[in-house]
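In: could you look at this predicted model? Sequence included:
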Amino acid sequence: MPLRRSRRIGGVAAALVLGVVAGCGPQPGWSPSAAITQLKVGLGYLPSVQFAPFYLAQQQGAYRDAGLEVTFENKIDPDLVTLVGQGALDIGVADGTSVIPAVSQRIPIRYVATIYGTYPSIVFAKSTSGITTAADLEGRKIGIPGKYGSSWIMLQALLDSVGLGPDDVTVVEYPDFGQGVAVQQDAVDAATGFANNEPVQLQLSGVDVTVLHVDDVVALPGPGLIASTATIDAKRAAVSGFIKATLAAMTQIAADPDKGLEAAIAAVPELATQRDTQKAILAATIATWTRPGGSAGDYGSIDRAGWEASITYLTQLGLVPNPVKVDDLVRTDLRN
């Protein structure tokens, strides 16, 4: 979710439970006597400003007005996929490139709304490195947390787009996610990261950066909302209501980022100690919510052509043990 780093190690962060507070008036079709549906929602890694839409929708009472009682928990991406598939969580935020292999392995989940329309996993380098295109990575040292997950898939796609492969670069692994510091200290020439994380931090420290996006090569599906098939069947209206309320909050924040920043600080007070940094991270996050050339009206939409291309690419990488089709992976009927 970016990001929300969708890949993290070191165990599961403590659960964050936000109470329902007063906010907007009830929406049509709901009354105080209506049944309340409880939803457990898994967000990625740690509480963060990137989850501002969820915090805002909760604080404004939008989930409550949809007849929902929402509890948030923070988990790493692989755990979210498993827990949602098992029904231990109703909804989660997970990377599209995690959904394809999972469904191929018969984990019963569906991707129901896009949060990151632009794939947030990127390669970044100092502007002084001379790296301006994927071709410039040949022979360079590239930092990465490990040869797994969205960063590894993205890097291979970038290299492949110019006829290169992992053997044409020197991959340096940073299991502690210190690749951003490695770039800053010139220990590596470039590194994988997230558009709303390492490049923002470097720029705030006065270092100009170049960012390479995989969307220029293949439209890999970024993080979005997932739910199990059983949850969709049993709680369809609740899942749909949650999606609509979250997308509405995204639209509000895109129009007024300060509203999102304040919601995040209310949910995670320690963010107030780095207000300028958090504001910059949120701005970078908002920029990834739309597809290249898209608009706020596209929030939540699912790019079927991109998913089709991603299935093909992940199959080439050997990550799809059993054939899947787009309709096995996504539901496009829940956001309207």
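Out: Looks like it came in fine. Numbers count the residues shown, from 1 in each chain.
In: tell me the bridge partners for residue 142.
Out: residue 171, residue 190 (DSSP bridges).
In: surely it touches residue 183?
Out: No. Judged on CB atoms under 8 Å, residue 142 makes no contact with residue 183 at a distance of 9.6 Å. The way it works is simple: take the backbone N, C-alpha and C, and place the C-beta from them, glycine included.
In: now for those two: what residues contact both?
Out: 189-191 (CB atoms under 8 Å, 6 or more residues apart in numbering).
In: wait, a strand at residue 222?
Out: No. Under DSSP: H, G, I helix; E, B strand; the rest coil, residue 222 sits outside any strand and is assigned coil.
In: test my guess that it contacts residue 122.
Out: No. Counting by CB under 8 Å, residue 222 sits too far from residue 122 to count as a contact (11.1 Å).
In: buried ones in the longest helix seen in the chain?
Out: Assignment by DSSP state H gives helix 236-255 as the longest helix of the chain. Under the neighbour-count criterion of 16 or more other CB atoms under 10 Å, helix 236-255 has 238-254 buried.
In: next SSE downstream of that helix?
Out: Downstream of helix 236-255, the first helix or strand assigned by DSSP states H and E is helix 257-267.
In: pull the residues that contact that next one.
Out: 16, 18, 47-49, 51-53, 55-56, 58-59, 249, 252-253, 271-272, 275, 278-279, 282-283, 286.
In: stretch 190-197 too?
Out: 2-5, 50, 118, 120-125, 129, 131, 137, 140-145, 151-152, 154-155, 174, 179-180, 182-183, 198-199, 211, 213, 281-282, 284-285, 287-288.
In: now residue 55. Its backbone dihedrals?
Out: With angles defined as degrees, to the nearest 10, residue 55 sits at phi -60, psi -40.
In: can you pull out the strands in this structure?
Out: 37-44, 68-75, 91-94, 109-114, 121-126, 141-144, 170-173, 190-194, 209-213, 224-228 (DSSP state E).
In: pLDDT of the first one, averaged?
Out: Meaning strand 37-44. In this model, strand 37-44 has a mean pLDDT of 96.
In: run the chain-centre distance for that strand.
Out: Relative to the chain's own centre, strand 37-44 is displaced by 16 Å; criterion: CA atoms, centre = their mean, to the nearest Å.
In: partners of that strand, with directions?
Out: When DSSP bridges is applied, strand 37-44 pairs with strand 68-75 (parallel), strand 91-94 (parallel).
In: out of those strands, nearest to residue 313?
Out: strand 91-94 (18.1 Å; CB to CB).
In: can you redo the strands of the chain as CSV with distance to residue 323?
Out: Formatted as CSV, those follow (distance: least, CB to CB, whole Å):
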stretch, distance to residue 323
strand 37-44, 28
strand 68-75, 29
strand 91-94, 21
strand 109-114, 17
strand 121-126, 25
strand 141-144, 29
strand 170-173, 30
strand 190-194, 29
strand 209-213, 29
strand 224-228, 20
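In: thanks a lot, catch you later.
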